[in-house]
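[1] Have a look at this prediction, sequence included:
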Amino acid sequence: MSTDAAPDRLGGLLAEHAALETELADPAVHADTGRARRLGRRYAQLAPLVETKRALDAVRADLDTARELATEDASFAAEAAALEERVPELEDRLRSLLVPEDPDDDKDVILEIKAGEGGAESALFAGDLLRMYLRYAERRGWATEVLDAVPAELGGYKDVAIAVKSRGDEGIWSRLKFEGGVHRVQRVPVTESQGRIHTSAVGVLVLPEAEDVDVTVDPNDLRIDVFRSSGPGGQSVNTTDSAVRITHLPTGIVVSSQNEKSQLQNRESALRVLRSRLLAAAREEAAAVASDQRRSQVRTVDRSERVRTYNFPESRISDHRVGFKAHNLDQVLDGELDPVIDALTRAHTAELLAAGS
């Protein structure tokens with residue numbers, strides 16, 4: 001995809017940035033905090049494109065001037081040569097910024113972690129992954145909220161769902177969308193007396209959080225059941241029927257929440273997850289290209305369908321999609337995820353550039 005081959009797209013994005021700048025300068029816009037936040041995110045998303053285009057235009061203008069002056073003064077020849085090297089660098093950067101963006105990149109996310117093969121060890125590792133994502137969110141200044149959690153008897157979680165929200169203009173989906181899939185762990189379980197390494201699997205599902213404008217849920221399409229919240233081993237942690245299970249009748253999607261104290265809070269948490277699942281399903285049906293990463297996410301937590309392996313004996317993390325390897329497992333599990341996420345993002349951008357060239 002050359003920049004000259006996409007003048008309409010470039011012109012449209014530059015015009016959109018200018019229009020957003022005008023809107024954000026209007027005090028009335030900031031009376032609606034949700035709208036102001038969405039506009040601010042999009043404005044920040046387009047800023048690198050605008051800055052790169054301006055820099056490219058400036059370098060091209062300076063190059064023309066340097067070439068003209070070099071015909072009269074040889075000292076300008078070196079300056080012209082340096083500017084000539086800058087032009088392709090900026091053109092490459094602009095080309096990468098013109099790659100069609102994911103429409104969900106500026107959204108917050110709901111992240112679900114589900115224990116799979118491996119029993120108690122899988123549940124323990126689900127807890128490790130939860131901590132990893134919470135620490136990563138903390139490092140990036142994001143807010144997190146546990147929407148639902150089903151603890152396991154020996155520790156960890158059978159199933160846990162969290163919401164991750166940006167406190168600024170950064171879109172969470174753009175960073176976490178490649179985390180979906182089967183995560184495999186290789187280590188000696190605490191219950192293993194022979195010191196043998198076991199392999200377990202945990203499923204991670206990442207969904208862009210739907211806003212009210214994205215998905216309309218008809219109350220008549222819902223069956224809502226209430227039940228008593230329970231902890232590990234079925235021990236009651238609440239003496240009232242506060243847990244909520246919502247079934248979306250047209251699709252058969254079932255979502256439950258028991259983490260909150262009140263039935264109303266659990267109902268709202270379950271509806272948030274349901275809306276996000278419905279949004280993902282609708283996008284998947286309507287736009288095959290935009291849903292590639294969703295369809296690649298976990299359907300059954302099967303060790304053979306892993307996207308990443310965490311090998312404790314070798315302190316190694318391997319992402320099998322891009323061949324990424326690092327031997328700093330402790331730091332990764334403490335939230336240092338940027339190197340592997342950056343590698344996945346670069347590979348995805350390269351694929352899009354190759355497809356559009």
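    It's in. Residues are numbered from 1 along each chain as shown.
[2] CA atoms for contacts and neighbours, from now on please.
    OK.
[3] Which stretches in the stretch 101-250 of the chain count as strands?
    109-115, 143-151, 157-165, 181-187, 198-208, 222-227, 243-248 (DSSP state E, counting those that start in this stretch).
[4] Now render these as TSV, adding mean neighbour count, mean pLDDT and distance to R135.
    As requested, the strands of the stretch 101-250 of the chain are exported to TSV (neighbours: other CA atoms under 10 Å; pLDDT from 0 to 100; distance: least, CA to CA, whole Å):
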stretch	mean neighbour count	mean pLDDT	distance to R135
strand 109-115	26	93	14
strand 143-151	19	90	10
strand 157-165	23	92	12
strand 181-187	25	93	17
strand 198-208	25	91	16
strand 222-227	15	88	32
strand 243-248	22	90	28
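[5] Adding distance to A270, write those strands out as JSON lines.
    JSON lines is the format used below for the strands of the stretch 101-250 of the chain (distance: least, CA to CA, whole Å):
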{"stretch": "strand 109-115", "distance to A270": "11"}
{"stretch": "strand 143-151", "distance to A270": "8"}
{"stretch": "strand 157-165", "distance to A270": "10"}
{"stretch": "strand 181-187", "distance to A270": "22"}
{"stretch": "strand 198-208", "distance to A270": "14"}
{"stretch": "strand 222-227", "distance to A270": "10"}
{"stretch": "strand 243-248", "distance to A270": "7"}
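[6] between those, which gets nearest to D128?
    strand 157-165 (9.4 Å; CA to CA).
[7] Neighbouring strands of that closest one in the sheet, and parallel or not?
    Strand 157-165 pairs in its sheet with strand 109-115 (antiparallel), strand 143-151 (antiparallel), by DSSP bridges.
[8] hang on, the earlier thing: what's the closest of the strands of the stretch 101-250 of the chain to R283?
    Using CA to CA, the nearest of those to R283 is strand 198-208, at 10.6 Å.
[9] Who are the packing partners of the closest one?
    If contacts are counted by 3 or more CA pairs under 8 Å, 6 or more residues apart in numbering; DSSP states H and E, strand 198-208 sits against strand 109-115, helix 120-140, helix 173-176, strand 181-187, helix 263-286.
[10] switch to 7 Å and redo it
    strand 109-115, helix 120-140, strand 181-187, helix 263-286 (3 or more CA pairs under 7 Å, 6 or more residues apart in numbering; DSSP states H and E).
[11] how about a markdown table for those, with distance to L154 added?
    Below are the helices and strands packed on strand 198-208 laid out as a markdown table (distance: least, CA to CA, whole Å):
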| stretch | distance to L154 |
| --- | --- |
| strand 109-115 | 13 |
| helix 120-140 | 6 |
| strand 181-187 | 17 |
| helix 263-286 | 25 |
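[12] nearest to R346, of the ones you listed?
    Of the helices and strands packed on strand 198-208, nearest to R346 by CA to CA is strand 181-187, at 18.5 Å.
[13] What pairs with that closest one, parallel or antiparallel?
    Short version: by DSSP bridges, strand 181-187 pairs with strand 198-208 (antiparallel), strand 306-311 (parallel).
[14] Provide the partner residues of N311 in its beta bridges.
    Applying DSSP bridges, one finds that N311 bridges with Q186, R316.
[15] That one and F125, how far apart?
    With distances taken as CA to CA, to the nearest Å, N311 is found 12 Å from F125.
[16] quick one: common contacting residues for these two?
    Common neighbours of N311 and F125, counting by CA atoms under 7 Å, 6 or more residues apart in numbering, are absent.
[17] neighbour-wise, which of those two wins?
    F125 (27 against 18; other CA atoms under 10 Å).
[18] Mind giving me the packing neighbours of the particular helix or strand that has L63 in it?
    Using DSSP states H and E, L63 sits in helix 33-70. Contact here means 3+ CA pairs under 7 Å, 6+ apart; on that basis helix 33-70 packs against helix 7-24, helix 76-97.
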